[in-house]
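> Show me how the following folds:
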Amino acid sequence: MPTTLTYIMILFIIADFIFEEILDHKNHARWKLPIPTIFKDLYKEDEYQKAKNYHQEKHSVGQISSYIQIAMTVAILYFCLFGTLQNWIATITENPYFQAFLFFGIYGVISSTISLPFSIYNTFVIEEKYGFNKTTVKTFILDMIKGTVIGGIIGGILLSAVIAFYNWQPTYFWLYAWGLFSAFSIFMAMFYTSWIVPIFNKLTPLEEGKLKTALNELGQKTGFPLHEVYVIDGSKRSTKANAYFSGLGPKKTIILYDTLIEQMTIDEVVAVMAHEIGHYKHQHVIKSLVI
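Got it, this is the predicted structure:
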């Protein structure tokens with residue numbers, strides 16, 4: 001039977017879920033409003049309606065997925081299935097490392113199996129319907145395999161360290177684990193783009209030309225040193241245009257999607273870059289890490 005602590009955990013999980021749902025509902029409700037007058041010349045009514053329909057479909061699928069996930073989490077806790085799984089694994093091996101690997105491995109397979117249909121539907125039905133998808137079945141499967149392998153390696157290393165901390169300092173192991181994960185988060189913020197992204201996408205330095213000149217001028221004007229600007233082959237998976245800012249300290253990097261460069265004028269790309277520099281100016285990466 002569930003303990004008092006279990007009920008408290010379930011209460012916090014449900015409260016957090018309700019809070020997130022309220023925020024999501026408020027954001028979603030904004031799509032029902034008409035185009036603001038000040039933006040009338042920038043948006044065509046039919047394109048805006050298409051965007052609303054796209055958002056609605058993505059939102060509906062996301063809600064179904066989140067409801068299933070919260071129901072699964074509550075059921076696992078209420079029926080003490082974590083304990084049942086651990087007791088069964090203990091009959092297979094007494095090694096604490098192998099026990100942890102099996103536990104999280106089994107849980108990961110079950111969780112991934114539940115989320116996979118939603119991922120497939122989003123990619124090959126919704127994205128395809130609205131003309132965004134360029135992901136092939138081969139690319140989808142390779143992404144899944146690569147993500148699983150990388151997640152398994154990194155997760156295995158971190159999990160082994162946490163178990164080692166527990167064996168060394170059972171009372172304060174959580175404090176060392178927190179320090180480890182904090183350091184890992186900072187490390188990934190610095191090196192994710194240069195180490196992880198190339199496994200999935202091709203990154204090439206932005207070529208010399210009018211666009212790079214315009215971006216360098218913006219960087220000088222705003223006090224943002226543009227040491228590294230890369231173009232990513234986003235068109236490999238989607239027609240959507242995007243860009244992002246990554247890194248800390250000397251590892252700051254701006255990534256432009258090839259679709260962004262293809263679909264927008266130089267002035268428009270510069271405007272997008274200004275947005276990304278805004279993240280740097282407001283120290284959003286650092287603030288996110290602290291939070």
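> When you work out contacts or count neighbours from here on, use the C-alpha atoms and nothing else.
Noted.
> any idea where the strands of the chain begin and end?
203-205, 229-232, 243-246, 253-257 (DSSP state E).
> Looking at these, spot the one closest to residue 101.
strand 243-246 (31.2 Å; CA to CA).
> The closest one: which residues count as buried?
Across strand 243-246, burial judged by 16 or more other CA atoms under 10 Å covers 243, 245, 246.
> was I right about the last one contacting residue 252?
Translated: residue 246. Yes: between residue 246 and residue 252 a contact is recorded at 5.8 Å, counting by CA atoms under 8 Å.
> Overlap in contacts, the two.
Residues touching both residue 246 and residue 252 (CA atoms under 8 Å, 6 or more residues apart in numbering): residue 190.
> name the helices or strands packed onto the lengthiest helix in the chain?
For the chain, the helix with the greatest residue count under DSSP state H is helix 45-78. Helix 45-78 is packed against helix 4-29, helix 96-121, with contacts defined by 3 or more CA pairs under 8 Å, 6 or more residues apart in numbering; DSSP states H and E.
> list the buried ones in it?
Quick answer for helix 45-78 (16+ other CA under 10 Å): 49, 65, 74, 77, 78.
> of these, closest to residue 141?
Of these, the one sitting nearest to residue 141 (CA to CA) turns out to be residue 65, at 20.4 Å.
> got a pLDDT number for the closest one?
On pLDDT, residue 65 comes in at 94.
> what residues are up against it?
Residue 65 touches 115, 118, counting by CA under 8 Å, 6+ apart.
> Now do it against residue 228, distance only.
According to CA to CA, to the nearest Å, residue 65 stands 38 Å off from residue 228.
> Residue 140 too?
Residue 140 is 29 Å from residue 228, by CA to CA.
> Quickly name whichever of the buried residues of strand 243-246 is closest to residue 96.
For the buried residues of strand 243-246, the nearest to residue 96 is residue 246 (36.7 Å; CA to CA).
> Tell me the predicted confidence for the nearest residue to the closest one once chain neighbours are set aside.
Using CA to CA, 6 or more residues apart in numbering and skipping the chain neighbours, the partner closest in space to residue 246 is residue 253 (5.2 Å). According to the prediction, residue 253 has pLDDT 82.
> and residue 253, how far is that from residue 244?
8 Å.
> Turn the helices and strands packed on helix 45-78 into CSV, including mean pLDDT and mean neighbour count.
Below are the helices and strands packed on helix 45-78 laid out as CSV (pLDDT from 0 to 100; neighbours: other CA atoms under 10 Å):
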stretch, mean pLDDT, mean neighbour count
helix 4-29, 95, 13
helix 96-121, 94, 14
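> now for these, which one comes closest to residue 273?
helix 4-29 (25.3 Å).
> For the stretch 101-250 of the chain, give me the ranges with low pLDDT.
In the predicted model of the stretch 101-250 of the chain, no residue satisfies pLDDT under 70.
> Ramachandran coordinates for the residue located most distally from the centre of the chain?
Of all residues in the chain, residue 91 has its C-alpha farthest from the mean position, at 36.1 Å, by CA atoms, centre = their mean. Backbone torsions of residue 91, given as degrees, to the nearest 10, read phi -80, psi -10.
> Now do it, the pLDDT please.
For residue 91, the predicted pLDDT is 95.
> how many other residues sit next to residue 138?
9 (other CA atoms under 10 Å).
> Please disregard the earlier target; I meant residue 34.
11.
> What distance do you get for residue 79 to residue 99?
Applying CA to CA, the value for residue 79 to residue 99 is 21 Å.
> Same question for residue 249.
Residue 249 is 39 Å from residue 99, by CA to CA.
> same check, this time on residue 11
Where residue 99 is concerned, residue 11 sits at a distance of 28 Å (CA to CA).
> And for residue 156?
Residue 156 is 12 Å from residue 99, by CA to CA.
> Could you pull out the helices in the stretch 151-291 of the chain for me?
Applying DSSP state H, counting those that start in this stretch to the stretch 151-291 of the chain gives helices spanning 173-191, 197-200, 210-222, 258-263, 266-281, 284-290.
> Please tabulate those in TSV, including the columns distance to residue 162 and mean neighbour count.
Shown next, in TSV, are these (distance: least, CA to CA, whole Å; neighbours: other CA atoms under 10 Å):
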stretch	distance to residue 162	mean neighbour count
helix 173-191	6	15
helix 197-200	26	13
helix 210-222	42	15
helix 258-263	40	18
helix 266-281	33	17
helix 284-290	20	12
